[in-house]
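Peer 1: Okay, sequence plus prediction incoming.
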Amino acid sequence: LTWATVVLVLTAATRAPDKGDDVCRFGTINESPRRANTLSYCQQFRSMTCCNRTHTDRLKMKALAYFDADVPEQCRNWAGKALCSECEPAMGTKERAGICKDMCDEWYSACADTMFTTSSVSTDYSPCNFNSLLCWRLGDVIQSGEEFCRKQGYTVSNDQRLCYDGQMHPKYKKKVKDQYAHSKPQSKAQSFFHRLRAKLLSSRPFIMVLGGSL
């Protein structure tokens, strides 16, 4: 054996196990997406995410501009989905890349008639507020959903298999469902009474007395 061989063997023995593609590339780096109950925003992904509260505090501040009476609800909803893209588990692991062009089009369409503003230090567009000096109708300054998403700093993708569409990736939906099923096991007795109750309720009115009789 040479010293080089010994070093290689020791390195291989101490290296962390390969977790595959489903590890976070930001936030909880090199850990699999996990439940995060303390998120201040993007709570639709709290059951499995790479984000922590620090990330969502920042996203919440950006989202506040959309909570204005003059911003249509659909515009606000699509903005929330876009802002929360980084907290979607497959985006955090880089199994997904970019926002779907169709989603960008929906977001742009919902906001096109809303007054937006921007600043000299950022290309981001956000709804006008009482501090805004200059405001424009979004549809007059931005020509498409793809342009709008890019101005907001997002990568746009036409690959429906890999892009973020505003929903959790099916792979992680299944993981959440499986975790929930395993966390609440039903005993055989519970399962029997659940089926019995459902059957009785679906037939006719009844009175059931446990441990006695009428």
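Peer 2: Ah, there it is. In this text the structure is predicted, and so the values were computed from the model without any measurement. Numbers count the residues shown, from 1 in each chain.
Peer 1: got a list of what the spatially most central residue of the chain touches?
Peer 2: For the chain, the residue nearest the mean C-alpha position is E88 (3.1 Å; CA atoms, centre = their mean). E88 makes contact with F45, T49, R96, Y164, Q167, M168, H169, according to CB atoms under 8 Å, 6 or more residues apart in numbering. In short, each C-beta sits where N, CA and C put it, glycine included.
Peer 1: which one is the second one nearest to, not counting chain neighbours?
Peer 2: Nearest residue to T49, sequence neighbours excluded (CB to CB, 6 or more residues apart in numbering): C87, at 4.8 Å.
Peer 1: can I assume the one you found is in contact with M48?
Peer 2: No: the pair C87 / M48 is not scored as a contact, 9.7 Å apart, by CB atoms under 8 Å.
Peer 1: neighbour-wise, which of those two wins?
Peer 2: Set side by side, C87 and M48 show more neighbours around C87, with 27 against 22, by other CB atoms under 10 Å.
Peer 1: Return the residues in contact with the residue nearest to S157 when sequence neighbours are not counted.
Peer 2: Nearest non-adjacent residue to S157, counting by CB to CB, 6+ apart: G98, 3.4 Å away. The contact partners of G98, by CB under 8 Å, 6+ apart, come to Y154, T155, V156, S157, D159, L162, C163, Y164.
Peer 1: give me that answer again for 6 Å
Peer 2: T155, V156, S157, C163 (CB atoms under 6 Å, 6 or more residues apart in numbering).
Peer 1: do the same with C24
Peer 2: E31, C50, G92, T93.
Peer 1: gap between the first one and T93?
Peer 2: Counting by CB to CB, to the nearest Å, the separation of E31 from T93 is 10 Å.
Peer 1: again, but for C163
Peer 2: Distance of C163 to T93, given as CB to CB: 14 Å.
Peer 1: Could you tell me the end-to-end distance of stretch 84-92?
Peer 2: Stretch 84-92 has an end-to-end distance of 11 Å (CA to CA, to the nearest Å).
Peer 1: Show the subsequent helix or strand relative to the worst-scoring helix or strand of the chain on mean pLDDT.
Peer 2: Lowest by mean pLDDT, DSSP states H and E among the helices and strands of the chain is helix 3-14, with a mean of 40. Per DSSP states H and E, the first helix or strand lying C-terminal to helix 3-14 is helix 53-63.
Peer 1: Just the buried positions in that next one, please.
Peer 2: Along helix 53-63, these residues count as buried under the neighbour rule (16 or more other CB atoms under 10 Å): H55, T56, L59, K60, A63.
Peer 1: pLDDT score for the first one?
Peer 2: If I follow you right, that is H55. For H55, the pLDDT comes out at 94.
Peer 1: nearest spatial neighbour of it, skipping sequence neighbours?
Peer 2: For H55, the spatially nearest residue (CB to CB, 6+ apart) is G27, at 6.1 Å.
Peer 1: who's in contact with the one you found?
Peer 2: Residues near G27 by CB under 6 Å, 6+ apart: C50, C51, N52.
Peer 1: Show me which of these is closest to F116.
Peer 2: C51 (26.1 Å; CB to CB).
Peer 1: Show me the strands in this structure, by range?
Peer 2: Ranges of strands in the chain, per DSSP state E, are 99-100, 115-119, 122-127, 136-137, 156-157.
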